[in-house]
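Trainee: Turn this into a model:
(2 chains)
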Amino acid sequence: MSGYWLLIPEYLLLAGALVSLFGDLLPGGERSSAILGALAAFAAAAFAGFIGTAEPLFGGMLVFDPVSVFARVSLAALTSVYLLWSGGRGTGSERSHEATALVLLSAVGGMLMCGARDMVALFIAIELSTMPAYVLMGYRRDDDRGLEGTLKYFLLSMTTSLIMLYGFSFLFGITGVTGYAEMDLTGAGVLGVLATVFVFVGLLAKLSAAPFHYWAPDAYAGAPTSSVAFVSTVPKIAGTVAMIRLVEALSPGATQLPLLLSIVAVASMVLGNLAAYPQLDLRRLMAYSGIAHIGYVILAMATNTNTGLAAAVFYMVAYALPSMAVVMIAAEEGSAVEQLSGLVDRRPWTAWALVVFLLSLVGIPPMAGFFGKLYLFTAAFGAGYRALVVLAVLMSVVSAGYYLRIMREAFFGERVSTPAVERSIPATIALVLLVVATLGMGIAASPLLGYLGVSF
Amino acid sequence: MHSVSADHVVLATFIFVGVFFVIATLSASHLLARSKHDEAKLSTYECGSEPVGPPWVQFRVGYYVYALLFVVFDIETVFLYPWAAAFGQMGIFIVVEMFVFIGILAAGLAYAWKEGALRWR
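Mentor: Prediction:
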């Protein structure tokens, strides 16, 4: 059995998770387990990049194409940055080494999701990736609102898993295979439509796309902000990759798929952006903004062209970087928007970093978000979704309103409040890395997309 | 070759038969069975076991730990038996693989042990 060395990144993450379970026995205590996890994740990212593309493994169950490599490296690198940050700050009264282990296990699931081209492999990877997320979201066991949000998240996520599994069973019944390579829905009729709808409803709900989004704001607002920084960003990269592979596999037979995805894209863009406006809590605001950004990504998926699908993955990473950073800053300064006021006086560098992240989310050059949106909208425009692209651009303008409101609070806010958490050296390094990545991904957008097989 | 309308007919028949079966069996049992409610009939167990105490007792929440630990050993057994039957044909690789698997489970058990889950409190 050859080819197992291709899974070295996953092994590294798994080993890191198992070791950090015993983090309290390590020299240096709880925090050293997070730093150790960050190192394991960094090594995993380096190995995933070094291994690069390769032949499919297990008879096509796992593929290592450029999209998968790009997503694997970004996912592991983001996990590493997150753990570096959380190692610097700790989780306050709660113990943190289990959180490290859970983050790493979730990353293992996410990395497997990036390569999965088989329904069984995909389902196991999704469950491995979301199970630790439930625990992370409910990490404060004495907080009633947090537990309520977690329970909502858990029940909805379980239900959508079952819906998706039901869809998978239909697909298996129609085609007789679990691998995407031989899956052909052509001529499957109404059963094929049912199967496609079930599978995609499950995945869309996990990605918190409207109209299956309602768990996200409550779950994020109740959860510890530090957990939200991970759960709301990293697993979504893997989810996007899993979804574009299903779009590729099912599109030939399911002709209604572009319509379904367009409706979801419009609903997510409009609802996410408009509902984000009045939010006073940064976690709720970022939840709605996440819904909006997923809408853009799904718009690109609806095209089902190579350019569109690659742009979708690129955009998801370009969204995850600054979004994670904004939630991290919210975790340090306090999660209400007004707690950011006076940020420029007490932490000027953080305030300017916040400007970079928010402008990237709006889509201002030269940040990653601009190039993400540029390629995404170009791909959708080229595929004939002109009206939807116009709507998406309009909604981006709307989104500038609430992102700029955060900036105004940070720079011109009247109230002066004290930060919730002191800044440590590893946390500073993590934020610097995210700034560099947000700017660097914008500058390197063209070669990166060239690697994904897209040229503009 | 399927056609869409044929699929619809199959699906509609399936739904119809499913709904009809439930209604038919429930109403048949309602109409045909005699209903005589005496004290023995209404007790929790009709078979004659005397219920002791109220049914809404609270169980120790600590039991979930034992359920979880049971799963560790349960999974191990589920995979060990087929492995033991087949590893002769599959070579050294599968031996290593099984030790990796047992290692992961053992780490889980060691974690539970470290957290004091094996102590009865």
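
Trainee: so what's A:Leu6 up against?
Mentor: A:Leu6 makes contacts with A:Ile51, A:Ala54, A:Leu57, A:Leu62, A:Phe64, as judged by Cβ atoms under 8 Å, 6 or more residues apart in numbering or on different chains. No exception for glycine: its C-beta is placed from N, CA and C like everyone else's.

Trainee: secondary structure element for A:Thr240?
Mentor: helix A:234-250 (DSSP states H and E).

Trainee: Only C-alpha atoms, please: export that helix in CSV.
Mentor: Presented in CSV, the C-alpha positions along helix A:234-250 are these (Å, rounded to 0.1, in the frame of the first residue of the first chain):
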residue,chain,number,x,y,z
VAL,A,234,-11.7,27.5,8.9
PRO,A,235,-14.3,24.7,8.5
LYS,A,236,-16.0,26.9,5.8
ILE,A,237,-13.0,26.6,3.5
ALA,A,238,-13.3,22.8,3.6
GLY,A,239,-17.1,23.1,3.2
THR,A,240,-16.6,25.2,0.1
VAL,A,241,-14.2,22.7,-1.5
ALA,A,242,-16.6,19.8,-0.6
MET,A,243,-19.4,21.7,-2.2
ILE,A,244,-17.6,22.6,-5.5
ARG,A,245,-16.7,19.0,-5.9
LEU,A,246,-20.4,18.0,-5.5
VAL,A,247,-21.4,20.7,-8.0
GLU,A,248,-18.9,19.3,-10.5
ALA,A,249,-20.1,15.7,-9.9
LEU,A,250,-23.8,16.3,-10.0
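
Trainee: In JSON lines, list the contacts of A:Leu6 along with secondary structure.
Mentor: As requested, those are exported to JSON lines (DSSP: H, G, I helix; E, B strand; the rest coil):
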{"residue": "A:Ile51", "secondary structure": "helix"}
{"residue": "A:Ala54", "secondary structure": "strand"}
{"residue": "A:Leu57", "secondary structure": "strand"}
{"residue": "A:Leu62", "secondary structure": "strand"}
{"residue": "A:Phe64", "secondary structure": "strand"}
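
Trainee: going on from the helix or strand bottoming out on mean pLDDT in chain B, what's the next piece of helix or strand?
Mentor: Every helix and strand of chain B was ranked by mean pLDDT, DSSP states H and E. The lowest is helix B:39-42, at a mean of 74. Using DSSP H and E, the helix or strand that directly follows helix B:39-42 along the chain is helix B:63-90.

Trainee: Counting by contacts, list what that following helix packs against.
Mentor: Here helix B:63-90 touches helix B:92-114, going by 3 or more Cβ pairs under 8 Å, 6 or more residues apart in numbering or on different chains; DSSP states H and E.

Trainee: Okay, buried residues for the helix it packs on please.
Mentor: By 16 or more other Cβ atoms under 10 Å in any protein chain shown, the buried positions in helix B:92-114 come out as B:Met98, B:Ala107, B:Gly108, B:Ala112.

Trainee: Once you drop chain neighbours, what's closest to the first one?
Mentor: Nearest residue to B:Met98 in three dimensions, chain neighbours excluded: B:Trp83, at 5.3 Å (Cβ to Cβ, 6 or more residues apart in numbering or on different chains).

Trainee: Please report how far the one you found lies from chain A.
Mentor: Applying Cβ to the nearest Cβ, to the nearest Å, the value for B:Trp83 to chain A is 15 Å.

Trainee: Tell me if I'm right that that residue and B:Val96 touch.
Mentor: No - at 11.8 Å, B:Trp83 and B:Val96 do not qualify as touching, with contact defined as Cβ atoms under 8 Å.

Trainee: which other helices and strands contact the helix or strand just after the helix holding A:Thr240?
Mentor: Per DSSP H and E, the first helix or strand lying C-terminal to helix A:234-250 is helix A:257-276. Helix A:257-276 sits against helix A:189-206, helix A:234-250, helix A:282-303, helix A:386-412, with contacts defined as 3+ Cβ pairs under 8 Å, 6+ apart.

Trainee: Of those, give the one that comes closest to A:Ala379.
Mentor: Among the helices and strands packed on helix A:257-276, helix A:282-303 comes nearest to A:Ala379, with 5.6 Å by Cβ to Cβ.

Trainee: what's the closest of the helices and strands packed on helix A:257-276 to chain B?
Mentor: helix A:189-206 (4.1 Å; Cβ to the nearest Cβ).

Trainee: which other helices and strands contact the closest one?
Mentor: Counting by 3+ Cβ pairs under 8 Å, 6+ apart, helix A:189-206 packs on helix A:144-175, helix A:234-250, helix A:257-276, helix B:4-32.

Trainee: again, only using 6 Å
Mentor: When contacts are defined as 3 or more Cβ pairs under 6 Å, 6 or more residues apart in numbering or on different chains; DSSP states H and E, helix A:189-206 sits against helix A:144-175, helix A:234-250, helix B:4-32.

Trainee: Identify each buried residue in the following helix or strand past it, please.
Mentor: The helix or strand immediately downstream of helix A:189-206 is helix A:215-222, counting by DSSP H and E. Of all the residues in helix A:215-222, those buried under the rule 16+ other Cβ under 10 Å are A:Trp215, A:Ala216, A:Pro217, A:Asp218, A:Ala219, A:Tyr220, A:Ala221, A:Gly222.
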